[in-house]
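Peer 1: What follows is a protein structure lacking sequence information:
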């Protein structure tokens, strides 16, 4: 991932999540890359990026999609919900790609 991307947008951003997902596909040679970045807390939040802010991205050869949420909760809940949200997004992207190819 280009360092400029981190400097410009910060580690918790849609742009970094997208770059991470594409980087996963490229470096590992896989079809699906899933990336999640966020502020799970309890500290580390700012006014612009509060605790609970999460960006996630799924990249496949047939397309990609992204999502974000802000959930004021404890660290474990934020991490658990971020994982579930990213996996649901992957399922939707893969299902959409499968139906478009038929």
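Peer 2: Looks like it arrived, so ask away. Note that this is a predicted model, so its numbers are computed, not measured.
Peer 1: where does this protein have low pLDDT?
Peer 2: 97-102 (pLDDT under 70).
Peer 1: the longest helix in it is where?
Peer 2: helix 75-101 (DSSP state H).
Peer 1: Give the other helices and strands that it contacts.
Peer 2: Judged by 3 or more Cβ pairs under 8 Å, 6 or more residues apart in numbering; DSSP states H and E, helix 75-101 is in contact with strand 33-38, strand 53-60, strand 63-70. All C-beta spots, glycine's among them, are computed from the backbone N, C-alpha and C.
Peer 1: Pipe the ones you listed into TSV and attach mean neighbour count per row.
Peer 2: Putting these into TSV (neighbours: other Cβ atoms under 10 Å) gives the following:
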stretch	mean neighbour count
strand 33-38	22
strand 53-60	24
strand 63-70	15
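Peer 1: Let me have the ones you listed in JSON lines, extended by distance to residue 85.
Peer 2: What follows is the helices and strands packed on helix 75-101, written out as JSON lines (distance: least, Cβ to Cβ, whole Å):
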{"stretch": "strand 33-38", "distance to residue 85": "8"}
{"stretch": "strand 53-60", "distance to residue 85": "6"}
{"stretch": "strand 63-70", "distance to residue 85": "6"}
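Peer 1: Now do the end-to-end distance for stretch 66-81.
Peer 2: Length of stretch 66-81, first residue to last, Cα to Cα, to the nearest Å: 15 Å.
Peer 1: ugh, wrong one, I meant stretch 28-40
Peer 2: End residues of stretch 28-40 are separated by 26 Å (Cα to Cα).
Peer 1: With stretch 56-74 instead?
Peer 2: Stretch 56-74: ends 19 Å apart by Cα to Cα.
Peer 1: Could you do stretch 23-37 as well?
Peer 2: One end of stretch 23-37 to the other measures 14 Å (Cα to Cα).
Peer 1: what sits against residue 56?
Peer 2: 17, 34, 35, 36, 37, 66, 67, 68, 82, 85, 86, 89 (Cβ atoms under 8 Å, 6 or more residues apart in numbering).
Peer 1: I'd say residue 89 and residue 65 touch.
Peer 2: Yes - the criterion here is Cβ atoms under 8 Å, and residue 89 meets it with residue 65 at 5.8 Å.
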